[in-house]
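Q: next one to model:
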Amino acid sequence: MNYVTLVIRLIPFVIKMVGICEKLFDGIPDSSADKKAFVMTAVEGIFGVVIGISTTGQKELWVKLEPAIAAVVDAICGVIFPHEEDK
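A: Numbers count the residues shown, from 1 in each chain. Presented below is the predicted three-dimensional model:
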């Protein structure tokens, strides 16, 4: 399975995690970086478990996936939680 397919398969999980983070960090100002770190850590953990069961080399693959997943998190947040000036 190539890394683009993995990124696409992780999108539903990322969306769920973004929603969970919004609830966990509700009312905490300037917590965007913490929210993203939380989501990225959760995705990396799930990725490590899933890939660790089936293949080797997950650390190398995570290096490829991390920037793509980070971009997905940013895009999802931009759509679900647009800034006031973007509305």
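
Q: buried sites along stretch 32-51?
A: Judged by neighbour count (16 or more other C-beta atoms under 10 Å), stretch 32-51 contains these buried residues: 35-36, 38-40, 42-43, 47, 51. Where C-beta positions appear, they are placed from N, C-alpha and C, glycine not excepted.

Q: what's the nearest residue to D74 if we skip its chain neighbours?
A: In this structure, D74 finds its nearest non-sequential neighbour in K36, 7.7 Å apart by C-beta to C-beta, 6 or more residues apart in numbering.

Q: where's the closest residue to Y3 other than its chain neighbours relative to K23, distance?
A: Nearest residue to Y3 in three dimensions, chain neighbours excluded: K64, at 4.8 Å (C-beta to C-beta, 6+ apart). Taking C-beta to C-beta, to the nearest Å as the measure, K64 falls 31 Å from K23.

Q: of the two, who's got more company?
A: K64 (14 against 7; other C-beta atoms under 10 Å).

Q: report pLDDT for the more buried one.
A: pLDDT, K64: 81.

Q: kindly report the same for D74.
A: At D74, the predicted lDDT confidence score is 89.
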